[in-house]
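Peer 1: okay, here's the prediction I keep looking at, along with the sequence it came from:
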Amino acid sequence: MNEPMLLSIEKSVAGRGSNVIPAPETAAYALPDAFRRKDAPVLPQLAETDVDRHYTALAQRTYGVNCGFYPLGSCTMKYNPAVNEAAAKLPGFTGAHPLAPAHAVQGCHAVMDELAAALCEIAGMDAFTLQPAAGAQGEFFGMLCVKKFHEARGESRRVKMLVPDSAHGTNPASAAIAGFTVVSVPSRADGLVDTQALQALLDDTVAGMMMTNPNTLGLFEKDILAISRMVHKAGGLMYYDGANLNAILGQARPGDMGFDVTHFNLHKTFSTPHGGGGPGSGPVGVKQSLVPYLPTVASLGQPEGLQLKAFSGNFAVLVRALAYLKTLGKESLGDVAAHAVLNANYLMKRLTDAGFTPAIAAPCMHEFVLTLASLKESHGVSALDVAKTLIDYGIHPPTMYFPLIVHEALMFEPTETETRETLDHVADVMIRVLAQAKQNPDAMHTAPHHAVIGRPDDVKAARTPVLHW
Amino acid sequence: MSHYHPHTQADTSAMLTALGLDDTDALFADIPQSVLRKAPLSLPDGLGQMETLAAMEALADQNIRYRLTLRGAGCYDHFIPPLVSQLAGKEEFVTAYTPYQAEISQGILQAIFEYQSLICALTGMDASNAGMYDGASAAAEAAVMCRERNRTVTLVSECAHPDTLAVMRTYAYGTGHEVRVVPAKDGHTDLAALQTMLTDDVASLYIQQPNFFGILEDVPALFAAAKANGVKCILGANPMTLALMPSGADVGADIVCGDVQPFGIPMAYGGPSAGYLAATAAMLRKLPGRIAGQTTDAQGRRAFVLTLQAREQHIRREKATSNICTNQAHCALIAAAYLTYLGARGLQAVAERCLTHAHAFAQMLCQIDGVTMRHQGEFFHEFVTDLPVAPHRVQAALEAEGILSGLPLAGGMLWCVTEKASLAQLQRATALVKEACAQ
């Protein structure tokens, strides 16, 4: 397994391949030369066995949630239920054409209607669009909604979007590509939004404020009702980034906190798999005043409005999320947040007792952030060193160096689907790592030592890009 | 009622005790009382997994399952080799996330690197990113890549897919930029009209090949006109056609984009698929999204990483020109597995069968009284016919035998034939169209 692995093209032998598709049943149509490429594209030529083994080897060199603990903070790497996968693979769904006549896709409509209604109830919103393909696209759409809202009221002067300095990078980026000027709102020493600083930023050019609650430090913004009132009073709208919804699922609703528009990440909170970086799904919920701006689908003949992608959304992801909600039901839904928060606090407690320093010494919600600044100072061991050492123990590292306002940050999100034994094991490993950091820090600078590669040279990759074979 | 958290009552109690808490309610002490829910949400009761699957099956059964699909228009019913589904379904690929930790993500990183290589081979471009949401959003972000200080307008052919045009307009609305539509003439982009629109403020021209009506555009001529006026050229290509047809590089494109759905990805009511986005070396630093690159580790072993991240939103934040983060990596992996399995010969076989059977079907249809090709010109596997009866009658006649007709357009139909259609099936479909037209 630790042998170097060849690229598919390096295994290619001229003349190999599989005959999958029969020849045309009539004489081949002669496309004029102007529409014929001169040289065939160079693709690998592999026997079927080799293709199978190539991708099997790639899978073996990939760490998934199925392999072990994956506490990537803000990504909610919970277990992806097999029953949801089975539902998504039903031929009635996979074979549905997006432009089939409405009577032929009633099942798809029912899935979407049922899911949208459930999300409205969970969010405390009046309507949901399921079109956005990912959280960031949901944010972008949410920002466009806010823009349309102000434009319709003749308030195009509202160009300022307030974003806390602890926000995910997508927040300022989404606001910027929607045409807003991003204004950063500082956090206080306790990790929460500085409401005094916020008050000073509020004027009649404010379009709205984007917030993650709990925020990226894993802390619930206790002043949320006051913040919403302040922003609304200034004429702005409140946007809820649902990346951290898992912390409050079934326990509290963005709509009840004063948010006007929200996106959820179905690939986080609603257990759909992350796919090595997608596909996700980022449905957006809005209050009544924003309903007129919900996306449309031009190819379905709808009058043209905002549209984010072709057709109606990442449907197969929606199927999985609905299956999840059907299985959980109203009673188990609130248990998700309770156990996610319990697990995070339990792990944080064990690590704190072992000598690690939380960025903020307070109970957390579904995730928490450690700062390794003092370890770096005293023994020269960085958050990166600790993260890479965890790999040698078979644990996926937590999110590193985020949020940006914490030095040497490691952000842990254990999720509700991990057992107490797993959390205890991870805590025990972290204790050993801390001891190692104090006794033999040098070895940690080159960790991991037991992965298929050591630390890659990122600088070389960027300076002399090799982006294809 | 089922759930996925593993704690027994004893676990929960022990963990709460360790935290010095009485019950789980105490975990939510920071949430204002007026916001905290006192009662469960108004949602259905939970189901056992057996019931969940049965309920989902009942929903799936409300859809009509066609034996043959003659509709495309941006979503194509190609044969999906079982090996491709099997490999893509490997749980590590499904459950991993973005490969931030290269040392335990070499498999997925190499898969992305190979995907980028395959896209470069098909398009003739120098660099591909790791994938976009879909073809329409890839086109929208391609337009963003081309904007310069004094050149901000995007020209889009009227022959582009209506969703692509709407998405490009939406992205342009965000940043306050303009999209102008180049008119169509007989199902082609009107070159003469284009020439009058190539003003100094135009940044880019987007042409879809084949276009929405299935017609093969004279892309070299359109792009030559654009280039002569300093306008960047974006080709939106159905990647299946690139097995046979000139690459983006061959026709002078600066950027090639589209949707890899034809490569082994189920239609699934239009998603998820993945957009591909590839460009010349000159535009590399403007590519949005993730890119995998090759490097070495300290021992000189080949290694793959996410690279050139200084372009991305998590570094640039409010200075970013794209906010894409999670993309559709798993769909890109399916496409790569499909291409790796079929190879160039296999891919050409698919494309040749689409091309040939589509032309055979067009010829059969046009022998029916009143059925004629709407446009003159070459096509790949889609074409528009006029019909002597209302299109929905043809749709209904085919549906009665389990066939999804072409897409009804005003007075006609946009047909699509993939390799899945046998000649016998196409003959039967023709007979049904003939009957419908005679009534």
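Peer 2: Nice, I can see it.
Peer 1: and the residue nearest to A:Ser8 when sequence neighbours are not counted, how many neighbours?
Peer 2: Counting by C-beta to C-beta, 6 or more residues apart in numbering or on different chains, the nearest residue to A:Ser8 once its immediate chain neighbours are dropped is A:Pro44, at 4.3 Å. Where you see a C-beta, it was placed from the backbone N, CA and C, and this is true even at glycine. Around A:Pro44 sit 28 other residues, with neighbours defined as other C-beta atoms under 10 Å in any protein chain shown.
Peer 1: please apply the same query to A:His396.
Peer 2: As a measure of burial, A:His396 has 23 neighbours, counting by other C-beta under 10 Å.
Peer 1: same question, A:His425
Peer 2: Counted by other C-beta under 10 Å, the residues lying close to A:His425 total 17.
Peer 1: one more: A:Cys120?
Peer 2: Other residues within reach of A:Cys120 by the criterion other C-beta under 10 Å amount to 17.
Peer 1: which element is it on?
Peer 2: The secondary structure element spanning A:Cys120 is helix A:106-123 (assigned by DSSP states H and E).
Peer 1: I'd like the next helix or strand past that helix.
Peer 2: Beyond helix A:106-123 in the direction of the C-terminus, DSSP H and E gives the next helix or strand as strand A:127-129.
Peer 1: from the contact counts, what lies against that following strand?
Peer 2: Counting contacts by 3 or more C-beta pairs under 8 Å, 6 or more residues apart in numbering or on different chains; DSSP states H and E, strand A:127-129 is packed against helix A:106-123, strand A:284-286.
Peer 1: that one pairs with which strands, and in what direction?
Peer 2: Within its sheet, and counting by DSSP bridges, strand A:127-129 is paired with strand A:284-286 (antiparallel).
Peer 1: the partner strand: how far from the chain's middle?
Peer 2: Strand A:284-286 has its C-alpha centroid displaced from the chain centroid by 17 Å (C-alpha atoms, centre = their mean, to the nearest Å).
Peer 1: which other residues reach that strand?
Peer 2: A:119-120, A:123, A:125-129, A:132, A:138, A:141-142, A:145, A:254-255, A:260-264, A:293-294 (C-beta atoms under 8 Å, 6 or more residues apart in numbering or on different chains).
Peer 1: that older thread, so which of the helices and strands packed on strand A:127-129 is nearest B:Ala351?
Peer 2: With C-beta to C-beta as the measure, helix A:106-123 is the member of the helices and strands packed on strand A:127-129 nearest B:Ala351 (29.1 Å).
Peer 1: any residue of that closest one touching chain B?
Peer 2: Yes. Judged by C-beta under 8 Å from any C-beta of the partner chain, helix A:106-123 comes into contact with chain B through A:Gln106, A:Gly107, A:Cys108, A:Ala110, A:Val111, A:Ala118, A:Glu121, A:Ile122.
Peer 1: test my guess that the first one contacts B:Asp61.
Peer 2: Translated: A:Gln106. No. A:Gln106 is not in contact with B:Asp61 according to C-beta atoms under 8 Å; the separation is 9.8 Å.
Peer 1: okay if I get the residues of helix A:106-123 next to chain B as JSON lines plus distance to B:Ala362?
Peer 2: Supplementary listing: the residues of helix A:106-123 next to chain B in JSON lines, determined by distance: C-beta to C-beta, whole Å:
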{"residue": "A:Gln106", "distance to B:Ala362": "32"}
{"residue": "A:Gly107", "distance to B:Ala362": "32"}
{"residue": "A:Cys108", "distance to B:Ala362": "30"}
{"residue": "A:Ala110", "distance to B:Ala362": "36"}
{"residue": "A:Val111", "distance to B:Ala362": "35"}
{"residue": "A:Ala118", "distance to B:Ala362": "46"}
{"residue": "A:Glu121", "distance to B:Ala362": "50"}
{"residue": "A:Ile122", "distance to B:Ala362": "50"}
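Peer 1: quick one: which of those residues is nearest chain B?
Peer 2: Closest approach between these and chain B, by C-beta to the nearest C-beta: A:Gly107, at 3.5 Å.
Peer 1: now for chain B: which strand has the highest residue count?
Peer 2: Counting by DSSP state E, the longest strand found in chain B is strand B:202-209.
Peer 1: after that one comes which helix or strand?
Peer 2: On the C-terminal side of strand B:202-209, the nearest following helix or strand under DSSP H and E is helix B:219-228.
Peer 1: buried residues in that next one?
Peer 2: Judged by neighbour count (16 or more other C-beta atoms under 10 Å in any protein chain shown), helix B:219-228 contains these buried residues: B:Val219, B:Leu222, B:Phe223, B:Ala225, B:Ala226.
Peer 1: now it, how far from the centre of its chain.
Peer 2: A distance of 25 Å separates the centroid of the chain from that of helix B:219-228, by C-alpha atoms, centre = their mean.
Peer 1: do the same with stretch B:82-98
Peer 2: The gap between where stretch B:82-98 is centred and where its chain is centred comes out at 19 Å by C-alpha atoms, centre = their mean.
Peer 1: please see if that stretch touches chain A.
Peer 2: Yes. Stretch B:82-98 comes into contact with chain A when judged by C-beta under 8 Å from any C-beta, the residues involved being B:Leu83, B:Gln86, B:Leu87, B:Lys90, B:Glu91, B:Glu92, B:Phe93, B:Val94, B:Thr95, B:Ala96, B:Tyr97, B:Thr98.
Peer 1: where does chain B have low pLDDT?
Peer 2: In the predicted model of chain B, residues B:1 satisfy pLDDT under 70.
Peer 1: for residue 362, give me its contacts.
Peer 2: This is for chain A. When contacts are counted by C-beta under 8 Å, 6+ apart, A:Ala362 is found next to A:Asp190, A:Gly191, A:Leu219.
Peer 1: actually, chain B is the one I wanted.
Peer 2: B:Met373, B:Phe379, B:Phe383, B:Thr385, B:Trp415.
Peer 1: wait, which of those residues is closest to chain A?
Peer 2: Distances from the contacts of B:Ala362 to chain A were compared by C-beta to the nearest C-beta; the smallest belongs to B:Phe379, at 9.6 Å.
Peer 1: wait, the closest one touches B:Leu216, no?
Peer 2: Yes. Contact status for B:Phe379 versus B:Leu216: in contact at 6.1 Å, counting by C-beta under 8 Å.
Peer 1: these two: who's more crowded?
Peer 2: Regarding B:Phe379 and B:Leu216, a neighbour count based on other C-beta under 10 Å identifies B:Phe379 as having more, with 24 against 19.
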